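Peer 1: dropping a prediction and its sequence here:
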Amino acid sequence: MTELPLIGEAIAVAAEPRLAGARIGVVTFPGTLDDRDAARAVRLAGGTAVELWHADTELGDVDAVVIPGGFSYGDYLRAGAIARFAPLMSKIIDAANSEAKLPVLGICNGFQILTESHLLPGSMIKNDHLKFMCRDQVLRVENSNTAWTLDYQAGQEIIVPLKNQDGQYIADEKTLDALEAEGRVVFRYVGFNPNGSRRDIAGISNAAGNVVGLMPHPEHAVEAGFGPESLDGIGGSDTDGLGFFTSVLTKIVGGDK
């Protein structure tokens, strides 16, 4: 029997010293649940995690931003609808749309916030079965050229946890056709669509590829011994989610592929 590492002792990758200078901001809203997990993923990838509060009026000197999962403002009105108007979001929107194209990753509730902010098209509604869903999920990487997917291969299948209630991605047919034609579908559900998302879409990007949103949680699959390893006959690695964070660090320090 293989002995599993203790929590805090697992080392997912050998961090490169050159990556340590990359500063990744992790935003916390009232109701955010996964900010510490996202920050830990950044550190395991080799970068420096920077705490950001929703009421901050400046981004500071961060090189990228993660908007993590949870239930910002209790999903009151609509998931992400209030968080979209937080002071920090206006700075994130401006930076993402600027010539610098700040990399932004929205995970679960973060994805919902990105659609509400119009950084990404479409919207998120209740799962088609109207129940909260929590499971390990197989995803296919459709686009490996975004700031957050450089360390994956197009067509690669990975396994990461998923947990959501408002996870059904919807958009009109014209928008869906454009996303497909422009290669902006970044991840697609494989084998099972857990929420009824149109065309099995699990994640998308903006046109520039610096903004990515997805419903599953890569930050929960970043440590050896503590992530999903296989599902439905598909083998994976329990660190399948780490590539999101190493990708953006590599992008920041100038290692585009």
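Peer 2: All right, it came through fine. Residues are numbered from 1 along each chain as shown.

Peer 1: so what's the residue count around the nearest residue to His220 once chain neighbours are set aside?
Peer 2: Closest residue in space to His220, ignoring its immediate chain neighbours: Pro161 at 4.4 Å, by CB to CB, 6 or more residues apart in numbering. Quick note: C-beta positions are derived from backbone N, CA and C, even for glycine. For Pro161, the number of neighbouring residues by other CB atoms under 10 Å comes to 17.

Peer 1: nearest the middle, which residue of the protein would you pick?
Peer 2: Ile107 (3.7 Å; CA atoms, centre = their mean).

Peer 1: check what pLDDT it gets.
Peer 2: Ile107 carries a pLDDT value of 98.

Peer 1: got it, and Asp238?
Peer 2: In this model, Asp238 carries a pLDDT of 88.

Peer 1: and the one 5 residues further on, by the same measure?
Peer 2: Confidence at Gly243, expressed as pLDDT, is 96.

Peer 1: that one touches Tyr152, doesn't it?
Peer 2: Yes. At 5.2 Å, Gly243 and Tyr152 qualify as touching, with contact defined as CB atoms under 8 Å.

Peer 1: where in the stretch 101-250 of the chain is pLDDT low?
Peer 2: Applying pLDDT under 70 to the stretch 101-250 of the chain flags the ranges 232-235.

Peer 1: please enumerate the helices of it.
Peer 2: Under the criterion DSSP state H, counting those that start in this stretch, the stretch 101-250 of the chain carries helices at the ranges 109-116, 173-181, 242-252.

Peer 1: so which of these gets nearest Ile67?
Peer 2: Closest to Ile67 of the helices of the stretch 101-250 of the chain, according to CB to CB: helix 109-116, at 3.3 Å.

Peer 1: tell me the helices and strands packed up against that closest one.
Peer 2: For helix 109-116, the packing partners by 3 or more CB pairs under 8 Å, 6 or more residues apart in numbering; DSSP states H and E come out as strand 64-67, strand 104-107, strand 123-125, strand 211-214.

Peer 1: what's the first helix or strand after the first one?
Peer 2: Stepping forward along the backbone from strand 64-67, the first helix or strand reached (DSSP states H and E) is helix 87-97.

Peer 1: any figure for the gap between Arg135 and Met124?
Peer 2: According to CB to CB, to the nearest Å, Arg135 stands 18 Å off from Met124.

Peer 1: more neighbours: which of these two?
Peer 2: Under the criterion of other CB under 10 Å, the comparison of Arg135 against Met124 puts Met124 first, with 27 against 12.

Peer 1: in stretch 187-195, what counts as buried?
Peer 2: By neighbour count with 16 or more other CB atoms under 10 Å, stretch 187-195 contains the buried residues 187-190, 193-195.

Peer 1: residues in contact with that stretch?
Peer 2: For stretch 187-195, contacts defined as CB atoms under 8 Å, 6 or more residues apart in numbering pick out 127-129, 133, 135, 137-142, 157, 162, 164, 167-169, 197, 199-203, 214-216, 232, 234.

Peer 1: so which of the buried residues of stretch 187-195 sit within strands?
Peer 2: Per DSSP state E, strands hold the following members of the buried residues of stretch 187-195: 187-189.

Peer 1: turn the buried residues of stretch 187-195 into CSV, including distance to Gly46.
Peer 2: CSV is the format used below for the buried residues of stretch 187-195 (distance: CB to CB, whole Å):
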residue, distance to Gly46
Phe187, 23
Arg188, 28
Tyr189, 29
Val190, 29
Asn193, 34
Pro194, 31
Asn195, 33
